[in-house]
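**Q** Show me how the following folds:
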Amino acid sequence: MNRPLTNTELKERLIDTIALLSVPGVGKGRFHKLVKQFGSPSAALSAPVYELEATPGISHTIAAAIRTSGDREPARATYARIVQLGWDILYPEHPEYPKQLHNLHDMPPLLFRMGQGTSSDEKMIAIVGTRHASEKGKQFAYNLAIDLVHSEVTIVSGMAEGIDAAAHLGALEASGRTVAVWGTPLNVIYPPIHRPLAEKIMKQGAIYSEYLPEDNSDPGHFPERNRIISGLSEGIVVIEAGKKSGALITAKLALDQGKELFAVPGWPDAGTSLGTNELIKKGAKLLTSVTDIFDELPRLKGEVTAHKFQSLPELTETEKGIVAALSSGPMQVDNLSRTSGLTIPDLLELLLALELKGIVEELSGKRFTLID
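**A** Below you'll find the model as predicted:
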């Protein structure tokens, strides 16, 4: 039986992991092959070129790059930066590394976290969809998240605009847990307007990313992170997705991972329904209420009786103030910000919550009004 690593040994192991992952051409897949071949990141970094080339998928160019990465100082600096930022550093053997991800063939060698950890028996459902969602789509995501939270289900999504944000907000509004998986490092909030949302998620859940602080915000990271969203979840709900929506990548990954896939149907001529309707044609479970999820995954229901949607919570004092300000008529967001004393990002977050509750609606020119 292997003895546990000392703190110093663990630190060096993490630095070696960062160093190996930072080598150009070494992604998650090649990293795992190298560690399997040599036993550890340190051994791989020290191996001669001819032995590295014997590893499947390692070309001479990559092998040479690994050998020239013997200087661990950049990796030490990155490690120090992560500690300074206060991120939790999780690796597959770490007790708080999500056990659900061990089933991924390309599981993250390192996973960074802000907020609260997840347990191995936590009930988790992903809700994803287009960034360009309709008001009805956002409302459905919001209400569905509330219903799931009432059965102590954690909501997983990607914190993008549209469906993702609505799902996170529904979970937060119902005082439930929610988890966001980012396609950017944890020091890069995207979209920037969601900073208030990120702060709320950290208090009622967790944010995960596999990217190092200095990693560029590559568009390819967003589809890559979707395997973590589906990997964490027992089922994936797709609400509104066009033919090329990133949510469809999550759906495909869910099927590859053997997860339950649900899709909300839409009008045949609506662009945001093309993807979801196609998923239903191909076998995704048609979803019209939370009951459809509980029917397929009864473990999630718990002791709570499922029904279509719970009543929405009462308004907070801040929300009441916004409603009072709008009672005299539509207001442009800048004027409303001055009247309420709220920053525009905080105000937009609250206005979205009020939209989802059916209290306000957005007009042209970033004007908001009460719904009659």
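**Q** Next up, the contacts around the residue nearest the centre of the chain.
**A** With distances taken as Cα atoms, centre = their mean, Val181 lies nearest the centre of the chain, 2.2 Å away. Val181 sits next to Val156, Ser157, Gly158, Met159, Ile207, Tyr208, Ser209, Arg225, Asn226, Ile228, Ile229, Leu232 when contact means Cβ atoms under 8 Å, 6 or more residues apart in numbering. Where you see a C-beta, it was placed from the backbone N, CA and C, and this is true even at glycine.
**Q** Kindly present the residues you listed as a markdown table, with separate columns for distance to Lys281, pLDDT and secondary structure.
**A** As requested, the contacts of Val181 are arranged in a markdown table below (distance: Cβ to Cβ, whole Å; pLDDT from 0 to 100; DSSP: H, G, I helix; E, B strand; the rest coil):
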| residue | distance to Lys281 | pLDDT | secondary structure |
| --- | --- | --- | --- |
| Val156 | 25 | 98 | strand |
| Ser157 | 24 | 97 | strand |
| Gly158 | 25 | 96 | coil |
| Met159 | 29 | 96 | coil |
| Ile207 | 34 | 98 | strand |
| Tyr208 | 32 | 98 | strand |
| Ser209 | 34 | 97 | strand |
| Arg225 | 27 | 92 | helix |
| Asn226 | 21 | 92 | helix |
| Ile228 | 27 | 95 | helix |
| Ile229 | 23 | 95 | helix |
| Leu232 | 27 | 95 | helix |
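**Q** Pick out whichever of those residues sits closest to Leu20.
**A** Ser209 (18.5 Å; Cβ to Cβ).
**Q** so the closest one makes contact with Phe112?
**A** Yes: contact status for Ser209 versus Phe112: in contact at 5.3 Å, counting by Cβ atoms under 8 Å.
**Q** Tell me which of these two has more neighbours.
**A** Ser209 (26 against 22; other Cβ atoms under 10 Å).
**Q** now that one, nearest residue through space, not along the chain?
**A** Trp182 (4.4 Å; Cβ to Cβ, 6 or more residues apart in numbering).
**Q** Phi, psi for the nearest residue to Phe38 once chain neighbours are set aside please.
**A** Take Phe38 and drop its neighbours on the chain: the residue closest to it by Cβ to Cβ, 6+ apart is Ala44, 4.4 Å away. Dihedral angles of Ala44 (phi, psi; degrees, to the nearest 10) stand at phi -70, psi -40.
**Q** For Ala44, the count of nearby residues, please.
**A** 26.
**Q** any chance you could map the helices in the stretch 51-200 of the chain?
**A** For the stretch 51-200 of the chain, applying DSSP state H, counting those that start in this stretch gives helices covering 60-67, 73-85, 135-149, 163-173, 195-204.
**Q** Give me the buried positions along the third one.
**A** Spelled out, it's helix 135-149. 137-149 (16 or more other Cβ atoms under 10 Å).
**Q** same check, this time on stretch 125-132
**A** Buried-residue list, stretch 125-132, by 16+ other Cβ under 10 Å: Ile125, Ala126, Ile127, Val128, Gly129, Thr130, Arg131.
**Q** now do stretch 12-23
**A** Buried residues in stretch 12-23, counting neighbours by 16+ other Cβ under 10 Å, are found at Glu12, Arg13, Leu14, Ile15, Asp16, Thr17, Ile18, Ala19, Leu20, Leu21, Val23.
**Q** For the residues you listed, could you give me a markdown table that also reports secondary structure?
**A** What follows is the buried residues of stretch 12-23, written out as a markdown table (DSSP: H, G, I helix; E, B strand; the rest coil):
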| residue | secondary structure |
| --- | --- |
| Glu12 | helix |
| Arg13 | helix |
| Leu14 | helix |
| Ile15 | helix |
| Asp16 | helix |
| Thr17 | helix |
| Ile18 | helix |
| Ala19 | helix |
| Leu20 | helix |
| Leu21 | helix |
| Val23 | coil |
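**Q** which one of the residues you listed sits closest to His105?
**A** Of those, the one sitting nearest to His105 (Cβ to Cβ) turns out to be Leu21, at 16.6 Å.
**Q** Pass me the low-pLDDT residue ranges in the stretch 51-200 of the chain, would you?
**A** Residue ranges of the stretch 51-200 of the chain with pLDDT under 70: 70-71.
**Q** how about a cut-off of 90?
**A** 56-57, 67-73, 93, 95, 100, 102-106, 117-122 (pLDDT under 90).
**Q** so how far is Leu110 from the residue nearest to Phe38?
**A** Ala44 sits 15 Å away from Leu110, going by Cβ to Cβ, to the nearest Å.
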